[in-house]
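Participant: This is a predicted model, with the sequence first.
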Amino acid sequence: MQARHHQQRFLAAYDQYADDLFRHCYFRVHDRELAKDLLQDCLTKTWRAIVQGEQIEHLRAYLYRVLERTIIDHTRRKREASLDALQEDGVQFGHDTRADLETRIDAKRAIAAMDTLDATARTLVLMRYVDGLPPRMIAKTTGLSTNVISVRLNRAIAHLRTMLPHI
Amino acid sequence: MNRFLRQLRSALREVALTPEEKTSLRATLETLTTNAPVRGVVHERPSWRRFFAFPFPLSMGRLLPVPILAMLTLALVAGASVAAAAEHAVPGDTLYPVKINVNEALRSAVTVTAEGKASWEARRVERRLEEIERIAEKTDVSATQAATMRATFDAQATRTQQRITELEAQGHAEEAAAVGARLEAVLTAHTTILETLETETGGTLRETLNGVRAAVHDAEQTTGRARLRAETSVVAREQSNVRAAAERRRTATVRHLAEVTAFLDRAQTRGTVRAEVLADARAQVSAAEALVADGEAKLAAGASGDAFVTFQEASIAAQRAKVLVAQNTALKQQRQRDDAEKKKGDEQKKEREREEEKREERRDDPRSDAPARPRRDIPTETTTELRARVEDVLPPINIRTEVEANDPVKIETTEEAPTTTNATNQPDAPPDTTTGASTIPNSTGMVEVHIETEAQTNTTIIPVEVPVRIPPSNPANGRVRGLLR
């Protein structure tokens, strides 16, 4: 019964957060397939921790932390893919049927603008404004203070505004 | 949230998994979470319950009720020395069931990690083979004994292979490959040892050993395949992961090789092993060294997958050398011990004969007023009768008591209503009216046999196989305590 409970909780978390986690990964590694692999790695590691009896209070925060570590582990081993490589490969998007051409163009620009930010700022913007995490939870996952987070977010947004004047 | 942030958000949300990707990843996770479920999480259960909840091999897939396990454990605690003595038991010994079903089951229960469990199961396979070889050295083996030993070995080997497969399924392919390699090395080494023993013996024993060797060979093949599968899934990983795995394997193999070399050196200085065995082991070690060098070259050339497999092979060769020497040493030592015991036994026999003569002389002397030794007021049976009766209860088990033939003994029996464990079995046979005994088809369970002699008291727990025949409880016969489920 306990086993079922854990399994359901874990799968529910996947359904809810998979896209957010995938996006994080994607903005860090700029490779769709690799991002998927890393996401799967992160989920497997988390499940292993649950199996080994680790007490996880906030599964969402925990997933972000594990993902972060997985990405770091990966990038330490392999130099991060360059932006050029990204442009050569062509940026791929999720298939949101509602998205019209205009938002697609916006998306392409927004992604390019995001890549001009440094990795931490990018993560913070994603967590705060795309995933909608409260600053306290961001602090918990990143280990930064809420103060530092809000300062960096303000700077990042100001930068994005100059990069994306048309929005 | 202002307009800019809203738009930024919706633009960035475009980066997402496609529905197909999401479904396929979910399916993977469902398989993972079902195959490796959360079980027995420590903090969720009081520790004593967890302790008693170990899956007992006789429980037919269910857990034994806590009272029985508690009792077993009590018996174990009370008989810690029994447990220690049981460690050296071989099939046919009174304490052998204790070794298999109590000592080893307990150790399985306290091993937590999947890897630990798998390597302990592998060690159990090795222990079965060691026992078979010790018996072959010592005595002649009866046909039933041989069949039992083979069955136990087969069951253990199958269980270990399952563990290895499970380990791989849980994503520990590297560990699965390591355990598989170890087991394979053990099996190969024992095939060689059994071959040697075969040439040294003749008659039925030779046939028995031949049968065992065939079983070992089969197990070796299956294990080899399992190892190969695990290795393939390690090598199929991402390149950087494979490299890391190969490097870890190299470190482990180099350390292992150093240990084995030191072990062989010690064996050589002590002279505990025959020269040809040592030469064979040395050849294995040099092969392993060559393989390590080969692996290093492959690693340097960037062929991490090949390097991983080569290091695995080196580790197998090293382990094989170690098992060869260790088991040959153990067998030699046993031979020496047996010789010493035989000598001692002969002396004791002579001593007893001398005392008997003296006593006879005294009895003949009419002036002797030595008080008659008080007889214990217990219903008595001879050991031969006891053995007949116990074997009646436990047909497939060969019981050897430490009691000499025709010593007076007392057996205790308490019967509990047995139940059939499987609903699909035939209904209970009607009681045998002539003897009052009843036969229960397809029952399994435990019988605790309490054997008391003037010299010693011995309690042993014996697994009961089908069918079980329970003798009528007759107070005049004493009591055999049967715990049947």
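Facilitator: Thanks, I have it. Bear in mind that the values here come from a model prediction, so they are computed numbers and not experimental data.

Participant: The helix or strand containing B:R352 and chain A in contact?
Facilitator: Per DSSP states H and E: B:R352 is located in helix B:304-364. No. Helix B:304-364 is not in contact with chain A by CB under 8 Å from any CB of the partner chain; minimum separation 12.3 Å. In short, each C-beta sits where N, CA and C put it, glycine included.

Participant: What segments of the chain are strands?
Facilitator: You didn't say which chain, so I picked chain A. Read by DSSP state E, chain A holds no strands at all.

Participant: right idea, wrong chain: chain B
Facilitator: Using DSSP E, the strands found in chain B span residues B:381-382, B:408-414, B:438-440, B:445-453, B:457-464, B:468-470, B:479-484.

Participant: rewinding a little: just checking, what packs against the helix holding B:R352?
Facilitator: When contacts are defined as 3 or more CB pairs under 8 Å, 6 or more residues apart in numbering or on different chains; DSSP states H and E, helix B:304-364 packs onto helix B:114-138, helix B:173-200, helix B:203-235, helix B:239-270, helix B:275-300.

Participant: which stretch among the ones you listed comes nearest chain A?
Facilitator: helix B:239-270 (4.4 Å; CB to the nearest CB).

Participant: now the angle from that closest one to helix B:304-364?
Facilitator: 40 degrees (axes from the mean of the first three to the mean of the last three CA atoms, to 10 degrees).

Participant: Now do the buried residues in helix B:239-270.
Facilitator: Under the neighbour-count criterion of 16 or more other CB atoms under 10 Å in any protein chain shown, helix B:239-270 has B:241-246, B:249-250, B:253-254, B:256-257, B:260-261, B:263-264, B:267 buried.

Participant: near chain A, which of the residues you listed show up?
Facilitator: Among the buried residues of helix B:239-270, chain A is touched by B:A244 when using CB under 8 Å from any CB.

Participant: Pop out the phi and psi values for the residue lying closest to B:T148 once chain neighbours are set aside.
Facilitator: In space, and not counting its chain neighbours, B:T148 is closest to B:P91: 6.2 Å by CB to CB, 6 or more residues apart in numbering or on different chains. Dihedral pair for B:P91: phi -50, psi 140, per degrees, to the nearest 10.

Participant: And for B:P91, the neighbour number?
Facilitator: 21 (other CB atoms under 10 Å in any protein chain shown).

Participant: how about the closest residue to B:V235 other than its chain neighbours, what does it touch?
Facilitator: Spatially, and ignoring its direct neighbours in sequence, B:V235 is nearest to B:G305 (3.7 Å; CB to CB, 6+ apart). B:G305 is in contact with B:234-235, B:242, B:246, counting by CB atoms under 8 Å, 6 or more residues apart in numbering or on different chains.

Participant: Put together CSV for these, with distance to A:R23 on each row.
Facilitator: Formatted as CSV, the contacts of B:G305 follow (distance: CB to CB, whole Å):
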residue, distance to A:R23
B:V234, 30
B:V235, 31
B:V242, 28
B:A246, 33
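
Participant: on that earlier part again, between the helix holding B:R352 and helix B:203-235, how many degrees?
Facilitator: Put simply, helix B:304-364 runs at 150 degrees to helix B:203-235, going by the same axes, to 10 degrees.

Participant: Show me the shaky parts of chain B.
Facilitator: B:1, B:39-83, B:85, B:138-143, B:362-485 (pLDDT under 70).

Participant: And the residue of it closest to chain A?
Facilitator: Taking CB to the nearest CB, chain B has B:A16 as its residue nearest chain A, at 3.3 Å.

Participant: can you pull out the helices in chain A?
Facilitator: Counting by DSSP state H, chain A has helices at residues A:2-29, A:32-51, A:59-77, A:83-89, A:101-114, A:119-125, A:135-142, A:146-163.

Participant: Quick check: residues of chain B near chain A?
Facilitator: B:1, B:3-5, B:7-19, B:21-22, B:25-26, B:28-30, B:32-34, B:36-39, B:41-44, B:171, B:238, B:240, B:244.

Participant: Could you list which of those residues belong to helices?
Facilitator: Using DSSP H, these in helices are B:3-5, B:7-12, B:19, B:21-22, B:25-26, B:28-30, B:32-34, B:240, B:244.

Participant: What subset of these is buried?
Facilitator: Buried among those (16+ other CB under 10 Å): B:5, B:7-12, B:21-22, B:25-26, B:29, B:32-33, B:244.

Participant: can you tell me which two in the residues you listed are farthest apart?
Facilitator: The distance between the two most remote of these (CB to CB) is 42.8 Å, for B:Q7 and B:A244.

Participant: Now the residue nearest the centre of chain A: closest residue in space, sequence neighbours ignored.
Facilitator: What sits nearest the mean C-alpha location of chain A, by CA atoms, centre = their mean, is A:H24, with 1.6 Å. Nearest non-adjacent residue to A:H24, counting by CB to CB, 6+ apart: A:L126, 5.7 Å away.

Participant: Pretty sure that neighbour sits against A:R23.
Facilitator: Yes. Contact criterion CB atoms under 8 Å: A:L126 and A:R23 qualify, at 6.2 Å.

Participant: Which neighbours do the two have in common?
Facilitator: With CB under 8 Å, 6+ apart as the test, A:L126 and A:R23 both reach B:L12.

Participant: Can you give me the distance of B:G202 to B:E14?
Facilitator: 81 Å (CB to CB, to the nearest Å).
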